[in-house]
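J.: okay, here's the prediction I keep looking at, along with the sequence it came from:
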Amino acid sequence: MGSFFYSMVDKDYQKQLEAWDKEYLWHPFTQMQDYLKESPVIIEEGSGIFLKDVAGKEYIDGISSMWCNLHGHRKREIDNAIKGQLDKVAHTTLLGMSNVPAIELARKLVEIAPRGLEKVFYSDNGSTANEVALKMAFQYWQHKGLKDKTQFVALQYGYHGDTLGTMSVGGIDIFNQAFRPLYFKTHLAPAPYCYRCPLGKQPDGCRLACLDELENILKKDAQSIAAMIMEPLVQGAGGMIIHPKNYLSGVRALCKKYNILLILDEVLTGFGRTGKMFACQHEQVVPDIMTLSKGINGGYMPLAATLTTREVFDAFLGEFSSLKTFFHGHTYTGHPLGCAAALAAIELFEKERLLEGLQPKIERLRNSLKPLESLPHVGEVRQCGLIAAIELAQDKATKTPYPWEERVGVKICLEARRHGLLLRPLAHIMIIMPPLIITPREIEMVVEIVGKSIEVVTG
Ligand SMILES: *Cc1c(COP(=O)(O)O)cnc(C)c1O
């Protein structure tokens, strides 16, 4: 390391920045009382998989800057796409008119998406992409004359964002506690979380009994259910829960059988993260609605897309006075800079043959993780593509988790930070999710630091 960076903030200004950070900022998903006592990492620069803070310390970006950086920081092609677009126009509105990169990107997204998804609706982030999906599904049935289809089905431990609508279909108790009275009605189906099977089954003999539970819900309330929303293959924020094979295709079949739309939230899994362009392609599943955000432009600009079928789109066509218009849209919808960045980012998949190049990296990750399984406080190691989760257990035999108040995950991350690796845990679950451009050798380094940090903190 060391050769990528050139600027340096002097000591006095570092102190000043830290003081202002604590004086003026309120950080997301952060207990500020703790934050105010700690010394924050203030990032100044990035290059490839590396980040540098204002004190000059360098880190590997072990979680892709919150799961969205795929191509590395300061990627020349994406930088240039934004600079090029800046020389034309930075922002115009998509309400009733259009712009060049928004059109080109929509065409590209339809080209790479599973066949059948033909229409692109833009927004700014994962939450709004899902909010759009829920409203779209709801209004679709209103237009089809099935006005009782107003409810949703979602998975336990599911996460779809932080707006009130997406929280209503969220399955993470700790996030939901405070806001529950504001939610609309949602049926939660058991998560296929095999390490802690909610039905108490063993994975080898269960025959996906969780799908039967889902079917019971759908069978009973199909007339009042508009859509099922879920993260395909990997439930991210809920703990990187990795689904057993054929669960997704099972859900697809059930939704068809009971006339329920399937919304797949590929905000995390989209754009190569699982080893294919989209997670649903592992099981040849095509949803009715698919949402994308995090990886869409490699983390350069806030941008999201909700893709759907011609069938759903056509239900919204009608005379102006019929009020079939989809009443949704954000000021920054289809932002030209974000779309230009996304086009460049997607082109990198072809130009650098990224998906093919991922396979050896995924293998290296698998092999590097193996030794961690035998650590005394590692309950389970899970992996899907370039996502790894290491679930810690205070007692391995009984799978007793560490009490969340102990913040064991945070302590391990602080230890890793000392060794030059930036991570963020999900409670007692350690997450490794590097940029896709990481090399196999660097993957080994990352896993080694994580393993050592776990040993230091839990030893
Ligand atoms: C991060 C995430 C979201 C929310 O995206 P934001 O851009 O943070 O609003 C939604 N769904 C999934 C699966 C996510 O991982």
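T.: Good, I have the coordinates.
J.: where are the low-confidence patches of the stretch 251-400 of the chain?
T.: Scanning the stretch 251-400 of the chain for pLDDT under 70 picks out nothing.
J.: which residues in it form strands?
T.: Secondary structure of the stretch 251-400 of the chain (DSSP state E, counting those that start in this stretch): strands at 261-265, 289-292, 304-308, 378-384, 387-392.
J.: reformat these as CSV; add mean neighbour count and distance to the ligand.
T.: To be clear about C-beta, it is placed using only N, CA and C from the backbone, and glycine gets the same treatment. As requested, the strands of the stretch 251-400 of the chain are arranged in CSV below (neighbours: other C-beta atoms under 10 Å; distance: least, C-beta to the nearest ligand atom, whole Å):
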stretch, mean neighbour count, distance to the ligand
strand 261-265, 29, 5
strand 289-292, 29, 7
strand 304-308, 26, 7
strand 378-384, 19, 13
strand 387-392, 25, 11
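J.: with distance to V408 added, can I get those strands in CSV?
T.: Below are those laid out as CSV (distance: least, C-beta to C-beta, whole Å):
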stretch, distance to V408
strand 261-265, 28
strand 289-292, 32
strand 304-308, 33
strand 378-384, 12
strand 387-392, 6
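J.: just the terminal-to-terminal distance for stretch 418-428.
T.: End-to-end distance for stretch 418-428, by C-alpha to C-alpha, to the nearest Å: 19 Å.
J.: give me the buried positions along that stretch.
T.: By neighbour count with 16 or more other C-beta atoms under 10 Å, stretch 418-428 contains the buried residues G420, L421, L422, L423, R424, P425, L426, A427, H428.
J.: for that stretch, the averaged confidence score.
T.: Taken as a whole, stretch 418-428 has an average pLDDT of 97.
J.: show residues contacting that stretch.
T.: 1, 41, 51, 57-63, 66, 237-240, 389, 391-393, 401-402, 404, 408-410, 412-413, 416-417, 430-432, 446, 449-450, 452-453 (C-beta atoms under 8 Å, 6 or more residues apart in numbering).
J.: list the contacts of G170.
T.: Contacts for G170 (C-beta under 8 Å, 6+ apart) come out as A154, G158, Y159, H160, G161, N176.
J.: within the helices and strands, which one has A154?
T.: Taking DSSP states H and E as the criterion, A154 maps to strand 151-155.
J.: how about Y13, nearest residue that isn't a chain neighbour?
T.: Computed as C-beta to C-beta, 6 or more residues apart in numbering, the closest residue to Y13 that is not its neighbour in sequence is V54, at 7.6 Å.
J.: which residues touch that neighbour?
T.: Contact analysis of V54 by C-beta under 8 Å, 6+ apart lists V9, Y13, Q14, L17, I42, I43, E44.
J.: the ligand contacts on this protein?
T.: Taking C-beta under 6 Å from any ligand atom as the criterion, the chain approaches the ligand at residues 125-127, 130, 159-161, 231, 236-237, 265, 267-268, 293-294.
J.: sorry, back to before: among the contacts of stretch 418-428, which ones are in strands?
T.: The strands, defined by DSSP state E, take in L51, E58, Y59, I60, D61, A389, E391, L392, M430, I431, I432 from the contacts of stretch 418-428.
J.: most neighbours of all the residues you listed, which one?
T.: Most neighbours among the ones in strands among the contacts of stretch 418-428, by other C-beta atoms under 10 Å: M430, with 28 neighbours.
J.: beta partners for that one?
T.: I390 (DSSP bridges).
J.: these two touch, right, it and K411?
T.: No: look at M430 against K411 with C-beta atoms under 8 Å: they stay out of range, at 10.9 Å.
J.: if we can go back for a sec, which one of the ones in strands among the contacts of stretch 418-428 is nearest to the ligand?
T.: Nearest to the ligand among the ones in strands among the contacts of stretch 418-428: I431, at 11.3 Å, using C-beta to the nearest ligand atom.
J.: okay, now the residue in the chain positioned nearest to the ligand: neighbour count?
T.: For the chain, the residue positioned closest to the ligand under C-beta to the nearest ligand atom is G126, at a distance of 2.1 Å. Counted with other C-beta under 10 Å, residues neighbouring G126 total 29.
J.: quick one: it and T306 touch, right?
T.: No: assessed by C-beta under 8 Å, G126 is found out of contact with T306, at 10.4 Å.
J.: any residues in contact with both of these two?
T.: Counting by C-beta under 8 Å, 6+ apart, the shared contacts of G126 and T306 are T291.
J.: next step: the buried residues of stretch 418-428 restricted to strands.
T.: Using DSSP E, the members of those that fall in strands are L421, L422.
J.: tell me the contacts of the residue lying closest to G275 once chain neighbours are set aside?
T.: Distances taken as C-beta to C-beta, 6+ apart place G385 nearest to G275, at 3.9 Å, with adjacent residues excluded. By C-beta under 8 Å, 6+ apart, the contact set of G385 is G272, R273, T274, G275, K276, L358, I362.
J.: swap in I241?
T.: Neighbours of I241 in contact, by C-beta under 8 Å, 6+ apart: Y157, A191, P192, Y193, V234, Q235, R382.
J.: where along the stretch 151-300 of the chain do the helices fall?
T.: Remark: helices assigned in the stretch 151-300 of the chain by DSSP state H, counting those that start in this stretch are 164-168, 173-176, 209-221, 247-257.
J.: let me fix that, I meant to ask about the stretch 1-150 of the chain.
T.: According to DSSP H, counting those that start in this stretch, the helices that the stretch 1-150 of the chain contains are 11-24, 32-35, 64-67, 76-86, 100-112, 126-143.
J.: pick the most buried one from the ones you listed.
T.: helix 126-143 (a mean of 23; mean count of other C-beta atoms under 10 Å).
J.: work out the gap between that helix and the centre of the chain.
T.: Mean-position distance between helix 126-143 and its chain equals 18 Å (C-alpha atoms, centre = their mean, to the nearest Å).
J.: what comes into contact with that helix?
T.: 121, 123, 147, 149-150, 152, 160-163, 165-166, 169, 226-227, 229, 261, 263, 265, 267-268, 288-289, 291-294, 304-306, 308, 312, 315-316, 318, 324, 326, 328, 330.
J.: what angle separates that helix from strand 304-308?
T.: Here helix 126-143 runs at an angle of 30 degrees relative to strand 304-308 (axes from the mean of the first three to the mean of the last three C-alpha atoms, to 10 degrees).
J.: tilt between helix 126-143 and strand 261-265?
T.: 170 degrees.
J.: so who does E77 touch?
T.: Each residue near E77 by C-beta under 8 Å, 6+ apart is listed here: H71, A344, E347, L348, K351.
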